[in-house]
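Visitor: Please work out how this folds:
(one chain, ligands or ions: 3)
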Amino acid sequence: MSTTPKTENVKLSPMVRRRTAKDIAARKSGEPIVCLTAYITPMAARLDDYCDLLLVGDSLGMVLYGMDNTLGVTLDMMIQHGRAVMRGAKKALVVIDMPFGSYEESKEQAFRNCAKVLSETGAGAVKLEGGIEMAETIAFLVKRGIPVLGHVGLMPQSVNSYGGYGAHGRTENEWQPILDDAQAIAAAGAFATVLEGVAAPLADKITEKTSNPIIGIGASNKCDGQILVTEDMLGLFSFNPKFVKRYMELGTEIVASVEAYASEVRARTFPSDEYTYKMKD
Ligand SMILES: Nc1nc(=O)c2c([nH]1)NC[C@@H]1CN(c3ccc(C(=O)N[C@@H](CCC(=O)O)C(=O)O)cc3)CN21
Ligand SMILES: CC(C)C(=O)C(=O)O
Ligand SMILES: [Mg+2]
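Guide: Ligands and ions are numbered 1, 2, ... in the order given. Next up is the predicted model:
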């Protein structure tokens, strides 16, 4: 009889070291940081090999739930989708967007909710929108072990104040406050910053004048990295702002497939023989 201990038969999956916030921080002026959003396991699994960072964005309120903006997204939604993405992604750093109302009130509120998000999802960092006004909160979180990805420029959770999603910094008198925001949160310890919806020359200047990596969306190709909403670049979300390049037309392909299925059902050509069970011999 074999006396081999049971543990010897346990197959360990090959160890992949997941990217950390520190790895991303080290990419200032280095190899561009590739980022996309992910909300669900099967998508995260497919993006994982190609992305340094996967963001569970609060854009999921609009993309998955049909909301008009991101303001109705809850902490529980972010946690459930965060867990789903963690099950699919093994290599990328997973970052969870803090939803509107979950962090702005005080640094204590921010810590409580960010800690809940990290402990219940296993993700490696959180993202929160805000410039100078959030710098103190970001420093408080970072000093207590919570890596923070910043987000300045167009901040979608402030859509009611802006009155829309127009680009910022398209006249030079708008530049200084946005640069100040980016520098303030870099100084507060954000490991990188998303810069959204700004004129390209301003994005170039901010990238040059900040100490942490700048990840652009609707910004410029001189940023230290790029992010897009995955459903936007796949052509699944009916939305066509200037900054979205559609790499495929998934929505059109879905419609074509459903059309084919519907007509086969009506013609009784589906399910054909190969899709039906035979009797046992
Ligand atoms: N699917 C999706 N993709 C995103 O990039 C995204 C979201 N959702 N939800 C959260 C925010 C909202 N964002 C938006 C929403 C609309 C425009 C937009 O319509 N832009 C127009 C100009 C609008 C105006 O001038 O008022 C454009 O042509 O760029 C841009 C960014 C970016 N974020
Ligand atoms: C667009 C990205 C940066 C985002 O914040 C989101 O997807 O919610
Ligand atoms: Mg967001």
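
Visitor: Check the burial of the closest residue to ligand 3 within the stretch 151-281 of the chain by counting its neighbours.
Guide: Shortest the stretch 151-281 of the chain-to-ligand 3 distance, computed as Cβ to the ion: residue-wise this is residue 156, at 5.9 Å. From N, CA and C alone the C-beta is placed, and that goes for glycine too. For residue 156, the tally of surrounding residues (other Cβ atoms under 10 Å) stands at 21.

Visitor: Residue 207 now?
Guide: 23.

Visitor: Could you do residue 54 as well?
Guide: The burial count for residue 54: 29, using other Cβ under 10 Å.

Visitor: so what's the residue nearest the centre of the chain bridging to?
Guide: If you average the C-alpha coordinates of the chain and look for the closest C-alpha using Cα atoms, centre = their mean, you land on residue 55, 1.9 Å from that point. Partner residues in beta bridges with residue 55: residue 37, residue 95, with DSSP bridges as the criterion.

Visitor: Was I right to think it contacts residue 127?
Guide: Yes - A contact is recorded between residue 55 and residue 127 when judged using Cβ atoms under 8 Å, the distance being 6.6 Å.

Visitor: Next, show the common contact partners of those two.
Guide: Between them, residue 55 and residue 127 have 95-97, 149 as joint contacts when contacts are counted by Cβ atoms under 8 Å, 6 or more residues apart in numbering.

Visitor: what's the closest of these to ligand 1?
Guide: Ligand 1 lies nearest to residue 97 out of those, by Cβ to the nearest ligand atom, at 9.5 Å.

Visitor: so the closest one makes contact with residue 39?
Guide: No - judged on Cβ under 8 Å, residue 97 makes no contact with residue 39 at a distance of 10.5 Å.

Visitor: picking that back up, name the nearest of the shared contacts of residue 55 and residue 127 relative to residue 236.
Guide: Comparing the shared contacts of residue 55 and residue 127 against residue 236 with Cβ to Cβ picks out residue 97 as the nearest, at 19.1 Å.

Visitor: So what's the residue count around the closest one?
Guide: By the criterion of other Cβ under 10 Å, residue 97 has 29 neighbours.

Visitor: quick check: mean pLDDT across the longest helix along the chain?
Guide: Counting by DSSP state H, the longest helix found in the chain is helix 250-266. In this model, helix 250-266 carries a mean pLDDT of 98.
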